[in-house]
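[1] Output the structure for:
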Amino acid sequence: MVNILKGSDNVNKILVFILMVFTVLIILGCSINASSETLTDENTTQDVTVIENLGSEMITHHHMSDNMDRGNHDYFDKTLTIETNNSVADISRGDVVFFDNEGGEKDISRVVALPGEKIKITNGQIYINGQMLDTFYGKAHRLGLDEKGYFEMMDNEGNDYDKKGMMEVFETSMREVKLSDDEYYLIGDDWFRGKMLVLKEEKLIGKVVGYAK
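    Presented below is the predicted three-dimensional model:
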């Protein structure tokens, strides 16, 4: 009888151990799966550097649009420093680039998708190759605020605004687009004031590296 009880205890211990291992594997599996479904940008920050000295391959441009405004008049009415010796390999996701727009004017915007990638937007959230883009420029913003923050600010300040129109901005959706090997997808940081566009490499002039001192 004692041996039977001991055997039963051993079986229970084995079952508990197996259950613990199984639980750990499930947790790890979920973690790995969640990681694979999210694309992060750990290099790009919201800060804009001040460039004191211009290099030989740098130019300046005075930007007069508020398409990149994140609540501090970012880039607006500022003289920008542009690095012009960029190859395709020098352009990364998150870079602010200087280019010729469709109207033949000089413009700036942020790179959100790279050549050969697939991009779609669902309810204001950007997805790259099916992965959610998890970064400060990865979803719809107005004046640097997300949907909740923006509506709270406007309502608390008693501002008169087109709430329905802004709701449409924050709920922007776009069917998946496959970029060719010479195309980038750009979106201005302020989704209300900026544009979304496919940019051909030949229209790219350079990369904005900061404000000119």
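[2] can we go C-alpha only for contacts and neighbour counts from here?
    OK.
[3] in the chain, which spans are strands?
    For the chain, the strands defined by DSSP state E cover 38-40, 50-51, 58-63, 78-83, 96-100, 106-113, 118-122, 125-128, 131-134, 174-178, 183-187, 196-200, 204-212.
[4] The fourth one - contacts with which helices or strands?
    Spelled out, that is strand 78-83. Using 3 or more Cα pairs under 8 Å, 6 or more residues apart in numbering; DSSP states H and E, the elements in contact with strand 78-83 are strand 58-63, strand 204-212.
[5] how big is the angle separating that strand from strand 96-100?
    Angle between the axes of strand 78-83 and strand 96-100 is 90 degrees (criterion: axes from the mean of the first three to the mean of the last three Cα atoms, to 10 degrees).
[6] Show me what strand 78-83 pairs with in its sheet, parallel or antiparallel.
    In its sheet, strand 78-83 lies beside strand 58-63 (antiparallel), strand 204-212 (antiparallel), with partners assigned from DSSP bridges.
[7] So what touches it?
    51, 54, 57-64, 98, 206-212 (Cα atoms under 8 Å, 6 or more residues apart in numbering).
[8] Give me the buried positions along that strand.
    Residues of strand 78-83 classed as buried: 78-83 (neighbour count, 16 or more other Cα atoms under 10 Å).
[9] Can you give me the neighbour number for F170?
    For F170, the count of nearby residues is 22 (other Cα atoms under 10 Å).
[10] With the one 4 residues further on instead?
    Applying the criterion other Cα under 10 Å, we find 13 residues in the vicinity of M174.
[11] Alright, calling it a day.
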